[in-house]
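Student: sequence first, then the predicted structure:
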Amino acid sequence: MEFYTEWRLLGDEYGGGFTNGISLSGGESVNCMKEAEKCDDYTVFQGKYGHTLRCCHEKKRGVTFCKSVFENTTDKTARLELLSSFAIRGIKADKIHRATSFWSAEGKLLTQSLTELDMEPSWAKHGIRIEKFGQVGSMPVRKWFPFLVLEDSENSRFVGVQLYCASSWQIEILQKNETVYIQGGLADRDFGQWFKDIAPRESFETPKAAVAEGASIYEVCDKLVKAQNPRIAPADRDMQIIFNEYCTTWGNPTLENLRSTAKRLEGSGVKYLVIDSGWYKTSEDDWFSCTGDWIPEKSLFPNGIKEAADTIKSYGLIPGIWFEFECLGGKTKGFNDTEHILKRDGYPVTVGGRRFWDMRQKWVKDFLDERVLGLLKNAGFGYIKIDYNENIGAGVDGAESYGEGLRQTVEESRKYFLHLGDEMPELVIENCSSGGHRLEPSFMETASMASFSDAHECNSIPLIAANLHRLIRPEQSQIWAVLRADADEHRINYLLCASFLGRLCLSGEIFDLEADRWKQATDAIEFYSKIKHIIKNGFTSSIIATPKDYTKPEGYQAVMREYEDEALLIVHTFKNGANPPLDGLLDGYTVTESFGSSLDGDFRGRAYLLKK
C-alpha cells in the first residue's frame, strides 16, 4: 500500500483506459511527476513543469492523516482541476463498504463485492474499472457519508478512509489490472465544478483525510471515529443529558411551556433545556419562513428572551437556544438583501423558500456577531443548537469556479462555529443539519455533540443510532427519546433504550406523563449514569441488525459495546422479532443490571450492563 497524490492541471493529457468523462485520475500530471524527497510523514513530488506536490501521510491518534499541498514554484498561474486529499495504490480488496444517507435514514451500511460492481479485471487486463461516488453541495452527508472501507476477505484485512470535507467531495475506487487504487477529496472539475487558480509562489492545501487499517470493519471504524478530535465544552465533558422542547411545541415555544418543563426536570439529572425553533416568530407565521432576523418575539416572550433563560436557570438547568444563522427565510428582511446573499450567475440562490448569507463577507459576520453571539452573551445562554435546513447546491459566484466559491463559503461557516467557541469557551455547541446532514469530521470537531437524525418518533431510531457508531463518536451522538403521555411502557422503554446508543435527549410533553411513566424516564437517567463511560470510551464490537426496510423494520437489532471488563448490550425487537438469540453475545459475561422491557414481544427495547 503506497500513498501518493492525484492531481490535474488545465491542459493536461487525460488518462486512458476509457476513463475520460468518468475520472480525472491518472492524467499527465500524475504520470510525469517524479519523486524528489521521501520521509516518514510526507513525500515530495516534482511536476513536469516544475510545480511541487507535498503528499502528507502523518501517523497520529491511531490513523494516518493525509493531505496534499500544491505549491506553484513556476512564474505562471497554475489552474488545478483535481487535487486529492488522499491517494493510495497497491491495495488488495474484493469488497467495499459504504454508508448511505438520506433524511431520517442516516448511515445504512451498503456492502458490495467488486464483481457485483462489474470491477473485476478484463480478460486482457485492459480498461480501467471505476466506482466513483460523493456529493455536490453544502450538506456533506447527503446520499453518502464521506467514508469508505475496502475489504480483503481472503486475508481478513480492511482499509478504511474518512474525509474531513464539508463541501462537495468525491471518492474513487479504481481497478487497474489486479490492483485497487483509491483516491478522494474535493469534488473535481467534472464532478463538482471545481477548479482553483494558484498564482506564482502561492500554494493550496486540501482538506485532510484519515486512513486506518485493521482486521475487521469494527476495528477500522473504531480507529477512524476515535481519531476525531472534537472541541468539547467543559460543561459537557461528562456527557450531560439534554431536553429539547421541539417535539413538545413543534416550533411554538412559550415561556409558560418552558416553565412547566423546567419544573418537571428540576433535580432529575437532566442538564440542558433547549428552546428550539420559533422563538422569533409571530403567532401568524411559521417558524421556517422567519429564520434570519433573530429578534425574539414579544408575544411569546414579553419581557425578552433573557427572562426565559433566567427561568430555566432558576430550576438548576443550563438554557439552550436554536439558530439557523446561515439561512434566511422568505419573510425576513435579509431575504431581499441581495448585496449580502449568495448568488449563482448573478441570481440569488433560492432553495425551498430559503436563501443563504455569504459567509465570506465581514458584514455578514458582524451581523451574526450582533444577532447571534450578542444574544447568547446578553441573555446568558450556555448552549446553542445550530441547524441548517437547505443545500446551496453545486456552487456560487465570487471565485474562479462554482465549486471553489462553495468551498470558501462552507469553510467560513465552519470557522464561524469555531469563532463562537473562541468567544464563549464555556458554550456547548450542537451541530445539526436537518438532523444528520453535517455528520462529517470537520464539523464534528467544532462541536460538543450533534443531532444524530431528525428521526423523532419513528421505529427506525435504534437502527440509525447504531449505524452512527461507525461514523461519529457515540458520546457526540444526540438521540431523540420523545416521551408521549399516551405511550405505553414498552414504547417508552423502546425509545429510552435507543438513546443509550449515544447521548440521551428527551422531548415531548413530560409534564403530562403519569407518575409511573416519568419514573421510567428517571430510572433510565440513573441507568445512563452507570453506562456513559462505556458509551464514551468503549469499542463497538458487534452490530447485528436484521431489518432491510427502515420504514417497516422486521426482526431485531443487538449492539455490543465493550470497555475493559464491562460491556453494554442494547437490544431492540421489531415486527416478528420477539425473543431474539442473544446467547453468543452474552458468553463470558454476567448481567449486573438491566433496563427496559422483556423481549418477548415486538417493538421492545432492553439494555444490559455486563461484567466479565
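Tutor: Received the coordinates, thanks. Residues are numbered from 1 along each chain as shown.

Student: give me phi/psi at the residue nearest to N576 when sequence neighbours are not counted?
Tutor: Closest residue to N576 apart from its sequence neighbours, by C-beta to C-beta, 6 or more residues apart in numbering: E554 at 5.4 Å. Any C-beta I mention is one placed from the backbone N, CA and C, and that applies to glycine too. When quoted as degrees, to the nearest 10, the phi and psi of E554 stand at phi -130, psi 150.

Student: residues contacting E554?
Tutor: 546-548, 574-577 (C-beta atoms under 8 Å, 6 or more residues apart in numbering).

Student: by neighbours, which of the residues you listed wins?
Tutor: For the contacts of E554, the largest number of neighbours (other C-beta atoms under 10 Å) sits with F574, at 25 neighbours.

Student: now the strands for the stretch 151-300 of the chain?
Tutor: Using DSSP state E, counting those that start in this stretch, the strands found in the stretch 151-300 of the chain span residues 157-163, 169-176, 179-186, 196-198, 203-205, 209-214, 241-244, 270-275.

Student: what does the stretch 501-612 of the chain give?
Tutor: 503-507, 539-545, 556-563, 566-573, 590-596, 605-611.

Student: buried set for stretch 372-381?
Tutor: Buried residues in stretch 372-381, defined by neighbour count with 16 or more other C-beta atoms under 10 Å: 372-373, 375-376, 379, 381.

Student: how far does that stretch sit from the chain's center?
Tutor: Remark: stretch 372-381 is offset 26 Å from the chain centroid, using C-alpha atoms, centre = their mean, to the nearest Å.

Student: hmm, back to that, would you reformat the strands of the stretch 151-300 of the chain as a markdown table and include mean pLDDT and distance to A394?
Tutor: Below are the strands of the stretch 151-300 of the chain laid out as a markdown table (pLDDT from 0 to 100; distance: least, C-beta to C-beta, whole Å):
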| stretch | mean pLDDT | distance to A394 |
| --- | --- | --- |
| strand 157-163 | 98 | 18 |
| strand 169-176 | 96 | 13 |
| strand 179-186 | 96 | 13 |
| strand 196-198 | 98 | 15 |
| strand 203-205 | 98 | 20 |
| strand 209-214 | 98 | 22 |
| strand 241-244 | 98 | 33 |
| strand 270-275 | 98 | 33 |
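
Student: what are the phi and psi values at H469?
Tutor: phi -60, psi -30.

Student: what sits against it?
Tutor: H469 touches 221, 225, 477, 501, 540, 543, 559, 561, counting by C-beta under 8 Å, 6+ apart.

Student: count of residues packed around F133?
Tutor: F133 - counted by other C-beta under 10 Å - has 18 other residues nearby.

Student: quick one, what contacts it?
Tutor: F133 neighbours (C-beta under 8 Å, 6+ apart): 98, 144, 170-171.

Student: quick one: strands adjacent to the helix or strand it falls within?
Tutor: Here F133 sits within strand 129-135, counting by DSSP states H and E. Note on strand 129-135: by DSSP bridges, its sheet partners are strand 169-176 (antiparallel).

Student: give me the mean pLDDT for stretch 456-464.
Tutor: Stretch 456-464 shows a mean pLDDT of 97 in the predicted model.

Student: cool, and stretch 402-419?
Tutor: For stretch 402-419, the per-residue pLDDT averages 98.

Student: convert the C-alpha atoms of that stretch to PDB, please.
Tutor: The C-alpha coordinates for stretch 402-419 follow below in PDB (Å, rounded to 0.1, in the frame of the first residue of the first chain):
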ATOM      1  CA  TYR A 402     -18.600  27.500  -8.700                       C
ATOM      2  CA  GLY A 403     -17.100  24.700  -6.700                       C
ATOM      3  CA  GLU A 404     -14.400  26.900  -5.200                       C
ATOM      4  CA  GLY A 405     -17.000  29.600  -4.300                       C
ATOM      5  CA  LEU A 406     -18.900  26.800  -2.400                       C
ATOM      6  CA  ARG A 407     -15.700  25.600  -0.700                       C
ATOM      7  CA  GLN A 408     -14.900  29.000   0.500                       C
ATOM      8  CA  THR A 409     -18.400  29.700   1.800                       C
ATOM      9  CA  VAL A 410     -18.700  26.400   3.700                       C
ATOM     10  CA  GLU A 411     -15.300  26.800   5.200                       C
ATOM     11  CA  GLU A 412     -16.200  30.300   6.500                       C
ATOM     12  CA  SER A 413     -19.400  28.700   8.100                       C
ATOM     13  CA  ARG A 414     -17.200  26.100   9.800                       C
ATOM     14  CA  LYS A 415     -14.900  28.800  11.000                       C
ATOM     15  CA  TYR A 416     -17.800  30.700  12.500                       C
ATOM     16  CA  PHE A 417     -18.600  27.700  14.700                       C
ATOM     17  CA  LEU A 418     -15.000  27.900  15.900                       C
ATOM     18  CA  HIS A 419     -15.400  31.600  16.400                       C
END
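
Student: in that stretch, which residues are buried?
Tutor: 402-414, 416-417, 419.

Student: how distant is the helix-or-strand element of the chain with minimal mean pLDDT from the center of its chain?
Tutor: Among the helices and strands of the chain, helix 583-586 carries the lowest confidence by mean pLDDT, DSSP states H and E, at a mean of 90. Relative to its chain's centre, helix 583-586 lies at 32 Å (C-alpha atoms, centre = their mean).

Student: neighbour-wise, which of the contacts of H469 leads?
Tutor: L501 (30 neighbours).

Student: for that residue, list the residues it contacts.
Tutor: 462, 465-466, 468-469, 474, 477, 479, 535, 559, 570.

Student: cutoff 7 Å now
Tutor: 462, 465-466, 474, 479, 559, 570 (C-beta atoms under 7 Å, 6 or more residues apart in numbering).

Student: ok, what's across the strand from I182?
Tutor: According to DSSP bridges, beta-bridge pairing links I182 with I88, I173.
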